[in-house]
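S.K.: 3D, please:
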Amino acid sequence: MKKTLNLILAGVTTMGLAFSAYAQDYITLASTTSTENSGLFDAILPKFEDATGIEVRVVAVGTGQAFEIARRGDADSLLVHDSLGEQRFVENGYASERADVMYNDFVAIGPADDPANIRDAQSAAEAFAAIANAKAPFTSRGDDSGTNRAELRLWEDAGVEPDGEWYRELGSGMGPALNTAAAMDAYVMSDRATWVAFGNRQNLTLLFEGDEVLFNQYGSLLLSEEKHPHLKHDLAKQWHNWLISGDGQQAIADFKVDGQQLFFPNAK
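M.R.: Numbering: from 1, shown residues only. Okay, the predicted model is just below:
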C-alpha cells in the first residue's frame, strides 16, 4: 500500500513539474493591431511554435499602448512600427536591442467619388492638405498608435492642424477606424495590410499611395533585463532571433492575402 501511494505521489509530482514547465513555455508579446488584424500572426506563430515549442500570446494594441505595456514590464517582447519611438525606447533603457523585421506602407483610403480629389495629389502632404481644404470627413484612429503617429506627422508636413467637425478622432484600432470611415464615407489612413484584409469596404477605395514618407517599418525589441529581471528573456530572445532568421523572414514573406504579399522582410 505504501509503495503504491509513493508511486501515485511520484506520478502527481512529475505531472505537476511537467505542467509547471509547460506553463513557462510561452511569452507575452505586445504588438500592433495591424499585425493581428491582417492575419500575419495566425500565419507565422504556428511555425515558430513548431520550431521552438514556445507559445506566443499576443496583446494587440496601438503602438503607444504597446510601449506602455512593455515599459511596465507586462510583456516579454515588443513588435511595433514607430522607429523613432523604438529608438527612444532603447535610449531610455527600456530595451537592450532593436532590429528591423519587415516593412510595408501606409495608404490613403476614401470614398470612391473622392470629394477632395486626392487621386491627383503629387505627395502625401498635398493629399492631406486637400482633405483639410475641402473639410471632407476624415476618421483618425486617435489612439497614439504607430499609424496615428505617422498620420499626425503628415498633417504637420501639410501645414495643417486638424480640428473641426470634419476631423473625427476615434481612440480605436485600425479595424474600427475603417468601419467608421466606411459608414461615414470618410477618408482614413491605413496600413496596407489591414486594408487588404478588410472586408467591409462599402464605398471606400484606395486613393493615394507610393510617397516615400508612407514607408512603414516594423521593429522587434529585446526588453531590458536590468529594468525587468522577472521577464522571460531567454524565451523572448528566441522569438526575436527567429523573426530575423532565415526561417522567420521566409515565413513573413510567405504570408499573403488573396495572392498579395502584405509584409516584406528586411532584417539586416
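S.K.: show me where the stretch 151-268 of the chain has strands.
M.R.: Remark: strands assigned in the stretch 151-268 of the chain by DSSP state E, counting those that start in this stretch are 167-169, 187-191, 204-208, 215-223, 256-257, 260-261, 264-265.
S.K.: contacts for the helix or strand hosting Asp42 next, please.
M.R.: Using DSSP states H and E, Asp42 falls within helix 40-52. Helix 40-52 is touched from outside by 31, 35, 54-56, 58, 193, 238-239, 242, 247-248, 251-252, 254-255, 262-263, with contacts defined as C-beta atoms under 8 Å, 6 or more residues apart in numbering. Just so you know, the C-beta spots here come from the backbone N, C-alpha and C atoms, and that holds for glycine as well.
S.K.: list the buried residues for that helix?
M.R.: For helix 40-52, a neighbour-count test (16 or more other C-beta atoms under 10 Å) marks Leu40, Phe41, Ala43, Ile44, Leu45, Lys47, Phe48 as buried.
S.K.: now, among those, which is nearest to Asp120?
M.R.: Checking these against Asp120 by C-beta to C-beta gives Leu40 as the nearest, at 32.7 Å.
S.K.: ok, now how distant is that closest one from Val101?
M.R.: Applying C-beta to C-beta, to the nearest Å, the value for Leu40 to Val101 is 11 Å.
S.K.: before we move on, what about Val107?
M.R.: Distance from Val107 to Val101, by C-beta to C-beta: 20 Å.
S.K.: which helix or which strand is home to Asp74?
M.R.: Under DSSP H and E, no helix or strand contains Asp74.
S.K.: wait, what's in contact with it?
M.R.: By C-beta under 8 Å, 6+ apart, the neighbours of Asp74 are Thr28, Ala30.
S.K.: state the pLDDT value of it.
M.R.: What the model reports for Asp74 is a pLDDT of 98.
S.K.: three-state assignment of the closest residue to Glu169 other than its chain neighbours?
M.R.: Once flanking residues are discounted, Glu169 sits nearest to Gly142: 3.1 Å by C-beta to C-beta, 6 or more residues apart in numbering. Using DSSP: H, G, I helix; E, B strand; the rest coil, the secondary structure recorded for Gly142 is coil.
S.K.: what about Gly142, how many neighbours?
M.R.: By the measure other C-beta atoms under 10 Å, the count of residues near Gly142 is 17.
S.K.: repeat that for Val80.
M.R.: 29.
S.K.: where are the low-confidence patches of the stretch 151-268 of the chain?
M.R.: Residues of the stretch 151-268 of the chain meeting the criterion pLDDT under 70: none.
S.K.: and the helices in it?
M.R.: For the stretch 151-268 of the chain, the helices defined by DSSP state H, counting those that start in this stretch occupy 174-184, 192-197, 233-243, 246-254.
S.K.: give me the helices and strands touching the shortest one, please.
M.R.: Packed against helix 192-197 by the contact rule (3 or more C-beta pairs under 8 Å, 6 or more residues apart in numbering; DSSP states H and E) you find helix 33-37, strand 95-111, helix 174-184, strand 256-257.
S.K.: report the distance from it to the chain centre.
M.R.: In terms of C-alpha atoms, centre = their mean, to the nearest Å, the centre of helix 192-197 is set 12 Å apart from its chain centre.
S.K.: contacting residues around the residue nearest the centre of the chain?
M.R.: Geometric centre of the chain, nearest residue: Thr32, 2.5 Å, by C-alpha atoms, centre = their mean. Residues near Thr32 by C-beta under 8 Å, 6+ apart: Ala60, Val61, Gly62, Thr63, Ala66, Leu79, Val80, His81, Ser145, Gly146, Tyr218.
S.K.: so which of those are in helices?
M.R.: Thr63, Ala66, Gly146 (DSSP state H).
S.K.: now do the nearest residue to the second one once chain neighbours are set aside against Phe106, distance only.
M.R.: Translated: Ala66. Distance criterion C-beta to C-beta, 6+ apart; nearest residue to Ala66, sequence neighbours excluded, is Ala30 at 4.0 Å. Using C-beta to C-beta, we find Ala30 at a distance of 21 Å from Phe106.
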